[in-house]
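Participant: Sharing a model prediction with you, sequence too.
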Amino acid sequence: MARVVVDVMPKPEILDPQGQAVAGALPRLGFQGVTEVRQGKHFELEVDDTVDDETLAKIAEGFLANPVIEQWTVRRVAE
Amino acid sequence: MSARIGVITFPGTLDDGDAARAVRYADAEPVSLWHADPDLQGVDAVVVPGGFSYGDYLRAGVIARFAPVMNSVIEAAHKGMPVLGICNGFQILCEAGLLPGAMIRNAGLHFICRDQWLRVENNNTAWTSRYEQGAEILVPMKNIDGCYMAEQATLDELEAEGRVVFRYTGGNPNGSRNDIAGIRSANGRVVGLMPHPEHAIDALTGPSDDGLGMFYSAVDALVKA
């Protein structure tokens, strides 16, 4: 068994209205100095030994992320 | 024999009833298709209706794209069967790769629900042949993930090939690139749009009957085929 983390973020050139809304709210809450916020998704997958890196890449590219609008990273973390 | 047009129901689909009604108004026979059944029952065309399939979990349309019925729709579309995706259906067709691009959250973050004017930019499709090029139509729009996004190269290609089918008029409501409300496949058989023509087929129940032309267009395309 292993834990795999997939982080999915909107591409830098893609409008991120949710991140902008968070950034806009921070000064109203009294937090100054945050110049930009981007909002994405974080997945934690528990996988057994039959799941190789190639399969994980397919899961990330073909399902968890949409390559048209998002970029992603896949990493195995401590078991 | 009247044309048989399939209407798919996924868990979370909302507008299959109105889509079937629009098919009937256009003197065609609606055929209910179920997400878990790959059998298209010999239909001549398919409407992928709006709603929130699978709760829009992960991304709007992505889980529906992998439903058994969609594998059959993708295969049939590649052979030239007319397919119309409305709202969530448009999102599903984009996720399925039948149409380019993707929808993201509306620029203003609001769920937008209103009657919307659209300009028909291209009538050389299986779903818009009944409209005059440049005609303006009024149909309801109701979504939160309606902002059309695509890479610049894709947008340039869509514009150059006349594949933008509908454009918002009177101001861009949601941040969509190039004011795009709907697009078509290269062969003109697959069309997707965010607003809802199936809700505008009778002045009694909608803002106009401007949407009915899409369903008559499909019937025309099937008669010619």
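Facilitator: Now that the structure is in, tell me what you want to look at.
Participant: Now do the SS call for B:S72.
Facilitator: Using DSSP: H, G, I helix; E, B strand; the rest coil, the secondary structure recorded for B:S72 is helix.
Participant: sorry, that was for B:I92
Facilitator: helix.
Participant: For it, which residues are in contact?
Facilitator: Residues in contact with B:I92, defined by C-beta atoms under 8 Å, 6 or more residues apart in numbering or on different chains, are B:48, B:53, B:61, B:64-65, B:70, B:85. C-beta coordinates here come from the backbone N, C-alpha and C atoms, glycine included.
Participant: excluding its backbone neighbours, what's nearest the residue of chain A found nearest chain B?
Facilitator: Using C-beta to the nearest C-beta, the closest approach of chain A to chain B is made by A:V68 at 4.3 Å. With sequence-adjacent residues excluded and distances taken as C-beta to C-beta, 6 or more residues apart in numbering or on different chains, A:V68 is closest to B:A102, at 4.3 Å.
Participant: where in chain B is pLDDT low?
Facilitator: Applying pLDDT under 70 to chain B flags residues B:1, B:225.
Participant: Grab the longest helix from it for me.
Facilitator: Using DSSP state H to define each element, chain B has its longest helix at helix B:212-224.
Participant: Pull out the buried residues from it.
Facilitator: B:212-222 (16 or more other C-beta atoms under 10 Å in any protein chain shown).
Participant: Now for the residue sitting furthest away from the middle of chain A: which residues touch it?
Facilitator: If you look at how far each residue of chain A sits from its centre, by C-alpha atoms, centre = their mean, the farthest one is A:G30, at 26.9 Å. Contact analysis of A:G30 by C-beta under 8 Å, 6+ apart lists nothing.
Participant: when you scan the helix ranked longest in chain A, is anything in it near chain B?
Facilitator: Ranked by residue count and defined by DSSP H, the top helix of chain A is helix A:17-28. Yes - using C-beta under 8 Å from any C-beta of the partner chain as the criterion, contacts between helix A:17-28 and chain B involve A:17-18, A:21.
Participant: How about the residues of chain B by chain A?
Facilitator: Contact residues, chain B versus chain A (C-beta under 8 Å from any C-beta): B:58-59, B:62, B:66, B:94-95, B:100-102, B:104-109, B:147, B:149-151, B:175.
Participant: Restricted to strands, list the residues you listed.
Facilitator: B:102, B:104, B:147, B:149 (DSSP state E).
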